[in-house]
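[1] no letters, just coordinates:
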């Protein structure tokens, strides 16, 4: 099993460690609800070093990255990040990624469970392109600092100004000969940054950051994968293997906004056809009556007939009600549509609601 450069920090902090996509990862330190609320109200740190970080360089790097991604990457200027999908020829989603544009290279951040699959896909698709592809995952660490206090706290702790970094923009720098990358992005519905730095300095950097945050009276607390999941679900953000899959496409997944059908990319003809004909199913937000939680795989029933499946569900710590996302027939996807969910043999009333379920206060 792979371990992140912060494994000793997690052990020292009392984390419960689990196998996640072949990595030993912290699922919780104290309680999922406490870590969730700390993120919504203050500031927390997530170790996301398990996510893949793959670098593209060379004369044809831009052309290959463009061909691989559903999003228009070429119009991005250096210092910009873009959320995108990578699809098969038939439109099935291989992964959702963040693509960062540097002056001389591109960085694709992917899901841990899909890294090996994507590396094989990249190698298959690179034929005819003059490009150098390197997997930087194991030689770097990546942490996410998230929450309403994240910007003000990090502004006092980091050696460079960060207030001028807009959402989905990044800066790079160098400290004592070590390069780092700092992007204003995240996966919680809150503001914050994701930081990539060399693996060999990650422990020292995180310990210093946590200690100094205590010193200024704005402690950054650790949070695990459990809280990361409830936070992203409240924010209506899809999770690969749940709302995103090779079994369906970006439009069905409700992510048409990250697809540019005017450009040439792998899967474009299939997605264009689906857009024109209309998807047969859609991923929607759901709100449930009562206290029963609809988990992944629960069947959605309409007029006594199976009509879809729940992809994710939880009791929202912020909203205090049961929420879920599910894949349903398109004719049942409008907000307000009512149906039932079979939760371990008992039917629970639910309805379609807009996502995100939670929006951070302005």
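    Great, that's in hand. Given the structure is predicted, the values throughout are model-derived calculations rather than measurements.

[2] which helices and strands does the helix or strand bottoming out on mean pLDDT in the chain pack with?
    Ranked by mean pLDDT, DSSP states H and E, the weakest helix or strand in the chain is strand 170-175, scoring a mean of 88. Packing partners of strand 170-175 (3 or more CB pairs under 8 Å, 6 or more residues apart in numbering; DSSP states H and E): strand 178-183. C-beta coordinates here come from the backbone N, C-alpha and C atoms, glycine included.

[3] show me what the strand it packs on is packed up against.
    Contact partners of strand 178-183 among helices and strands, from 3+ CB pairs under 8 Å, 6+ apart: strand 93-101, strand 170-175, strand 192-198.

[4] can you tell me the strand partners of the shortest one and which way each runs?
    What that stands for is strand 170-175. Strand 170-175 sits in its sheet next to strand 178-183 (antiparallel), going by DSSP bridges.

[5] show the average pLDDT along the partner strand.
    Averaged across strand 178-183, pLDDT comes to 92.

[6] next one: stretch 47-57
    According to the model, stretch 47-57 has a mean pLDDT of 98.

[7] got the angle for the least confident helix or strand of the chain vs strand 93-101?
    Interaxial angle of strand 170-175 relative to strand 93-101 (axes from the mean of the first three to the mean of the last three CA atoms, to 10 degrees): 60 degrees.

[8] off-centre distance for strand 170-175?
    Computed by CA atoms, centre = their mean, to the nearest Å, the chain-centroid distance of strand 170-175 equals 22 Å.

[9] same question for stretch 176-184.
    On CA atoms, centre = their mean, the centre of stretch 176-184 falls 21 Å from that of its chain.

[10] residues in contact with it?
    81, 98, 100, 107, 158, 160, 162, 165-174, 191-198, 201 (CB atoms under 8 Å, 6 or more residues apart in numbering).

[11] among the residues you listed, name the buried ones.
    The neighbour-count test (16 or more other CB atoms under 10 Å) marks 81, 98, 100, 107, 158, 162, 165, 168-172, 191-198, 201 as buried among these.

[12] give me the domain ranges for the protein.
    1-278, 280-355 (automatic domain parsing).

[13] off-centre distance for the first one?
    Same thing as domain 1-278. Distance, centroid of domain 1-278 to centroid of chain: 6 Å (CA atoms, centre = their mean).

[14] how about stretch 344-354: buried residues?
    Applying 16+ other CB under 10 Å to stretch 344-354 flags 348, 350, 352, 353 as buried.

[15] which of those residues sits closest to residue 67?
    Comparing the buried residues of stretch 344-354 against residue 67 with CB to CB places residue 352 closest, at 35.6 Å.

[16] which helix or strand contains the closest one?
    Per DSSP states H and E, residue 352 falls inside strand 346-353.

[17] now that strand, how far from the centre of its chain.
    26 Å.

[18] give me the sheet partners of it and which way each runs.
    strand 281-288 (antiparallel), strand 338-343 (antiparallel).
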